[in-house]
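Asks: got a predicted model here, sequence first, then my questions.
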Amino acid sequence: MEMINEPVSPSGQYLNSSALSLYVYAFLEFEVPIDDLPVMSLIEDLFLPINPRFSSIMVVDESGEKQWKRVEVKLKDHVVVPIFPLGLSPESYDKYFDDYIAKIVADQIPNNQPLWEIHIFKYPTSNAAGVLIFKLQHSLGDGFSLMGALLSCLQRADNPSLPLTFPSVQSPSKSNHI
């Protein structure tokens, strides 16, 4: 495969080193069951093309410098669908979800594959019908660029031609004090 011709930045090297390994996590909660969504094709067609680093690994070139190298992405190595008992209450799945998150934050992604994972939690919790969990090694980019990349994959369900919007958070009204 070809080099991207982009050296790994000094901060990217440090964020994925023996001294430090940081990840960015994004949680997308769905109102509809994830089983009904074409998740794998969305990952392949929308997520991977966003950033060449999502299809790259860090390698050391002949001069000893770290570079991004394009590799073939095997989705089965990056997409994880945990299996839990069926038919439980959302509150029971809340506990499974919390325990699962505690487990995946402790795991490292191997450096011989692109440094991201997507976990598909297909069970209803108190907050959602299902959750996609993006685990992205921080060397892939800063939080702003990674979140921008993820958000660029999303469309409005009611009208995909309109820009994506999010509910606003209303601050509590201040009462007048004399």
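Replies: That came through, no problem. Residues are numbered from 1 along each chain as shown.
Asks: who's in contact with G12?
Replies: M58, K66, H138, S139, L140 (Cβ atoms under 8 Å, 6 or more residues apart in numbering). In this view, the C-beta of every residue, glycine as well, is placed from N, C-alpha and C.
Asks: change it to 7 Å
Replies: Neighbouring residues of G12 by Cβ atoms under 7 Å, 6 or more residues apart in numbering: S139.
Asks: for S55, same thing?
Replies: Contact partners of S55, counting by Cβ under 7 Å, 6+ apart, are L48, R70, V71, V73, P114.
Asks: for the chain, just list every one of the helices.
Replies: In the chain, the helices defined using DSSP state H lie at 10-15, 39-42, 48-50, 90-106, 143-152.
Asks: got JSON lines for those helices, with distance to I120 too?
Replies: Below are the helices of the chain laid out as JSON lines (distance: least, Cβ to Cβ, whole Å):
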{"stretch": "helix 10-15", "distance to I120": "26"}
{"stretch": "helix 39-42", "distance to I120": "6"}
{"stretch": "helix 48-50", "distance to I120": "16"}
{"stretch": "helix 90-106", "distance to I120": "11"}
{"stretch": "helix 143-152", "distance to I120": "15"}
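Asks: any chance of CSV for these, columns distance to L28 and mean pLDDT?
Replies: Listed next are the helices of the chain as CSV, based on distance: least, Cβ to Cβ, whole Å; pLDDT from 0 to 100:
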stretch, distance to L28, mean pLDDT
helix 10-15, 23, 84
helix 39-42, 10, 83
helix 48-50, 15, 89
helix 90-106, 14, 97
helix 143-152, 8, 75
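Asks: out of these, nearest to P163?
Replies: Closest approach to P163 among the helices of the chain is made by helix 143-152 (10.6 Å; Cβ to Cβ).
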